[in-house]
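Undergrad: Here is a sequence together with a model predicted from it:
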Amino acid sequence: MIETKAYQLTQDTFTKIVMQRLFIKKWWIFALFLLAICYYLFADNQSVADSFLTFLIFGYPLFYIGYTFYWSRSKNHKGLLAETNLEFDDATMLFKKNDNEIKIPYKNIIRLEDYEKYWLLYISKTNFIYVPKNIFHTEDDFIMFLTYIND
């Protein structure tokens, strides 16, 4: 097995990933709320109900974004943010974290998202594994890992 440098997902990076996922998946809801806000703000006769709806429509997305931000910063993610060691070969990846080991075959990766500094390897529709690109000791290790996850 090829070993990499130890790495750790930081709180800021995790929050950034969660917020990106929120806007990518729910962009249409925010667009609908924005259209509704524009309609109610520029309506000719505004009643009390219209003002309440404007406040509700404006407040809900802000509440949702705030809640998601708060959730991503909570202390429940300590295990996810722990230092991780990755070892890999031609068939599996071995992650070591907090005295636990998990072996994941490459065939279990259902989707790969490639970002500038890291990969998100999805092992289910909502669960991903964060792997930074700067943890490899050599360029050959990097290329080999990239080949394995893309097959």
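TA: All right, it came through fine. Numbers count the residues shown, from 1 in each chain.
Undergrad: looking at this structure, which helix or strand is least sure?
TA: In the chain, the helix or strand scored least confidently by mean pLDDT, DSSP states H and E is helix 48-72, which has a mean of 81.
Undergrad: For the chain, which residues score under the pLDDT cut-off?
TA: 43, 45-46, 50 (pLDDT under 70).
Undergrad: Now with 90, please.
TA: Regions of the chain meeting the criterion pLDDT under 90 cover residues 1, 20-65, 68, 71-82, 90, 98-100, 125-127, 150-151.
Undergrad: Secondary structure element holding the most centrally placed residue in the chain?
TA: In the chain, the centroid-proximal residue (Cα atoms, centre = their mean) is residue 17; its distance is 3.5 Å. Following DSSP states H and E, the helix or strand that holds residue 17 is helix 11-41.
Undergrad: what angle sits between that helix and helix 48-72?
TA: 170 degrees (axes from the mean of the first three to the mean of the last three Cα atoms, to 10 degrees).
Undergrad: domains of this structure?
TA: 2-8+78-150, 11-76 (automatic domain parsing).
Undergrad: where's the longest one relative to the chain centroid, distance-wise?
TA: This points to domain 2-8+78-150. 15 Å (Cα atoms, centre = their mean, to the nearest Å).
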